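[1] Have a look at this fold, sequence not included:
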């Protein structure tokens, strides 16, 4: 069975600083994908970034990058130059390579950006 | 516009009164799923469907039913709601291709009193 662990229930970061949100995973699959979602206070789920297990380069999307360390089974999200609008709940998730079951989510990390 | 639409967005109901939360997607996705989100527990899978007439239980299926009679629709049915089903519910869809992100509905905040 797949499992996602997010060990930081809450984090604070100063505006314009970088922040790393931790995510470790467990799976016996060789092919899988890792995802990060943002949930602002309005409640919607916003997809941020994806990393495939066979991707050799770390994924980047604007100010978001995914620090993928396969041997350590970690997929940390790095947000550079934090903005007040980054304050939200962040979820790490993983999906099987075959895509035939829903994504498995961690419990989330609440990020607060301080001016 | 590609989207997953849930209705209603907010619902307050009484214990035992059957209700249905609808979910519809316009992206022709094969996979659809329901999650519930509770504080400190993240998103937990309730039911999912890999295609029309194919459904499977997730991690917390007790007290819920689903059906997938058409590809675009995946309603969540609570036959006899109880207060412990008070939660935020999300419907999501994904295409069958490998490792594509899930697209989420806006969420349904359900309160059972």
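    Noted; the coordinates are in hand. Fair warning: this is a prediction, and the values are worked out from it, not measured in the lab.
[2] Can you tell me which residue is spatially central in chain B?
    Chain B has residue B:34 as the residue nearest its centroid, 3.0 Å off, counting by Cα atoms, centre = their mean.
[3] and the spatially closest residue to that one that is not a sequence neighbour, what is it in contact with?
    With Cβ to Cβ, 6 or more residues apart in numbering or on different chains as the criterion, residue B:34 has its nearest non-adjacent residue at 4.3 Å, and that residue is residue B:46. (C-beta placed from N, C-alpha, C; glycine too.) When contacts are counted by Cβ atoms under 8 Å, 6 or more residues apart in numbering or on different chains, residue B:46 is found next to B:33-36, B:58-61, B:64, B:66, B:76, B:89.
[4] if we can go back for a sec, so what pLDDT did the residue nearest to the centre of chain B get?
    For residue B:34, the model assigns a pLDDT of 97.
[5] That one in helix, strand or coil?
    Three-state assignment for residue B:34 (DSSP: H, G, I helix; E, B strand; the rest coil): strand.
[6] partners of it in the sheet?
    Note on residue B:34: beta-bridge partners by DSSP bridges are residue B:47, residue B:91.
[7] Let me know whether it touches residue B:93 as I believe.
    No: with contact defined as Cβ atoms under 8 Å, residue B:34 does not reach residue B:93; the gap is 10.7 Å.
[8] Okay, now the unreliable bits of the chain?
    You didn't say which chain, so I picked chain A. For chain A, applying pLDDT under 70 flags the ranges A:97-100.
[9] wait, I meant chain B there
    B:98-99.
[10] Near chain A, which residues of it are found?
    Applying Cβ under 8 Å from any Cβ of the partner chain, one finds that chain B approaches chain A through B:31, B:33, B:35, B:40-45, B:48, B:50, B:56, B:58, B:88, B:90, B:92, B:94-104, B:106-107, B:109.
[11] please redo it, this time with the cut-off set to 7 Å
    Within chain B, the residues that sit near chain A (Cβ under 7 Å from any Cβ of the partner chain) are B:31, B:33, B:40-43, B:45, B:48, B:50, B:58, B:88, B:90, B:92, B:94, B:96-99, B:101-102, B:104, B:106-107.
[12] ok, now how distant is the residue of chain A found nearest chain B from residue B:30?
    The minimum distance from chain A to chain B, using Cβ to the nearest Cβ, falls at residue A:33 (3.2 Å). In this view, residue A:33 and residue B:30 are 16 Å apart by Cβ to Cβ, to the nearest Å.
[13] neighbour count winner among those two?
    residue A:33 (23 against 17; other Cβ atoms under 10 Å in any protein chain shown).
[14] The more buried one falls within a strand, correct?
    Yes: using three-state DSSP, the assignment for residue A:33 is a strand.
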